[in-house]
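Trainee: A structural model of the following input is requested.
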Amino acid sequence: MFWSAEGARIFGYDPSTEPTLPLLLQRVHPDDLWLAKRSIERTNQGEPDNAFEIRLVMPDGAVKHVYAVSHAVRDASARRALRALIDVTAAKEAEAALHRAHAELAHVTRVATLGELTASIAHEVNQPLAAIVTNGQACLRWLGRDVPDLDEARGALTRIVGDADRASDVLQRIRALAKKGEPEKARLNLNEVIDDVLLLLSREVQSHQVSLELDLTPDLPPVRADRVQLQQVIINLLVNAIQAMAPVNDRPRALQIRSHAHDADQVLVGVQDSGIGIDPDNQSRLFDTFFTTKPDGVGMGLSICRSIIEAHGGEVWVSRNPGPGTTFQFTLPAHRGEGRP
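Mentor: The predicted structure is shown next:
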């Protein structure tokens, strides 16, 4: 075995040190040791080329990210392997910093969206609270009779508990959207995510006189995704659709949300409106960062939506309807794990 001066530097040894396999493996991160050993085994078994990425732990505890490419050569006398190493630590750190910045921006956008939906959220919380007061007063009347009607009082109390649970459910969804944290991917039913969003946006739909049509496939394959991030995507698409229909007065403001299996291994969600449509010249730029067609927009919503969907292995796009309006659609890989959620 031999190495170049740069190879020795990457592993943190003096170039005069004679390299040995135990010496190299000593630097490999414990969680990546199996990967390094598997590459060595493949090379020894005659596999001509393989590439892998591992972490090295330096004596001072610093972690390096290394990309390695192996090329095996066999001739009549011996079998040799040449490995090239690239220290990609700086690129990995820059990627992590970019990810943190993007997550921060996505969180800020979520909070800003919640601010815009204050009236809708207040309505969704006030409705069950008002129902609780009404049922509480009714319960007192049933109990205040000369002969208390316990069945009616029991029914009123049951409704109070249900309305309290509903108000708590709304607050939990708001808290989840406002919370700042790392994405947590889990098996999800997209129809349930859509229902969560509609609970927050029902007042927005009513106040803009929008007729809502749901076309949700009941037995939808699950996806593996972060619930809050997908809620952010769907909220953004629905709010954009509602705002696009605000100037429309000569036809119904129709909003359709659909979900169904797409191709063999994907799930599709579509949001179709009957709004003012999009300028063909702007269609290809809608997902660009800082591009906006709104006078008070900042051009981040759709850009973040695209980033979230692509980070989940999906795709998002926009198309003009044959009639008025626009359709936004996105796909996500179906999760073929154990059972359905």
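
Trainee: domain parsing for the chain?
Mentor: 5-87, 89-182, 184-335 (automatic domain parsing).

Trainee: What does the pLDDT read for Phe290?
Mentor: Predicted confidence (pLDDT) for Phe290: 65.

Trainee: got the buried residues for stretch 83-92?
Mentor: Neighbour-count burial for stretch 83-92 flags 83, 85, 89, 92 (criterion: 16 or more other C-beta atoms under 10 Å). (Each C-beta comes from the backbone N, C-alpha and C, glycine too.)

Trainee: Kindly report the same for stretch 212-229.
Mentor: Neighbour-count burial for stretch 212-229 [16+ other C-beta under 10 Å]: 212, 216, 220-229.

Trainee: Let me have those in JSON lines, extended by distance to Gln283.
Mentor: Formatted as JSON lines, the buried residues of stretch 212-229 follow (distance: C-beta to C-beta, whole Å):
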{"residue": "Leu212", "distance to Gln283": "25"}
{"residue": "Leu216", "distance to Gln283": "27"}
{"residue": "Leu220", "distance to Gln283": "28"}
{"residue": "Pro221", "distance to Gln283": "30"}
{"residue": "Pro222", "distance to Gln283": "32"}
{"residue": "Val223", "distance to Gln283": "27"}
{"residue": "Arg224", "distance to Gln283": "30"}
{"residue": "Ala225", "distance to Gln283": "26"}
{"residue": "Asp226", "distance to Gln283": "28"}
{"residue": "Arg227", "distance to Gln283": "30"}
{"residue": "Val228", "distance to Gln283": "29"}
{"residue": "Gln229", "distance to Gln283": "25"}
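
Trainee: Spatially central residue in this protein, please.
Mentor: For the chain, the residue nearest the mean C-alpha position is Gln229 (3.7 Å; C-alpha atoms, centre = their mean).

Trainee: out of the buried residues of stretch 83-92, who's nearest Ala122?
Mentor: Nearest to Ala122 among the buried residues of stretch 83-92, counting by C-beta to C-beta, is Lys92 at 44.4 Å.

Trainee: Would you point out the helix or strand in this structure whose mean pLDDT is lowest?
Mentor: None of the helices or strands of the chain scores lower by mean pLDDT, DSSP states H and E than helix 89-116, at a mean of 77.

Trainee: what's the distance between that one and the middle of its chain?
Mentor: 12 Å (C-alpha atoms, centre = their mean, to the nearest Å).

Trainee: Not counting sequence-adjacent ones, nearest residue to the residue nearest to the centre of the chain?
Mentor: Spatial nearest neighbour of Gln229, excluding adjacent residues (C-beta to C-beta, 6 or more residues apart in numbering): Ile308 at 4.8 Å.

Trainee: Quick one, grab the pLDDT at that neighbour.
Mentor: 86.

Trainee: now Asp196
Mentor: The model's pLDDT for Asp196 equals 85.

Trainee: Equivalent analysis for Arg258, please.
Mentor: 94.

Trainee: all helices of this protein, in order?
Mentor: 5-11, 21-25, 33-44, 89-116, 118-144, 150-178, 190-207, 227-245, 301-311 (DSSP state H).

Trainee: ranking those helices by mean pLDDT, which is last?
Mentor: With a mean of 77, helix 89-116 has the lowest mean pLDDT of the helices of the chain.

Trainee: quick revisit: how many degrees apart are the least confident helix or strand of the chain and helix 301-311 in direction?
Mentor: 130 degrees (axes from the mean of the first three to the mean of the last three C-alpha atoms, to 10 degrees).
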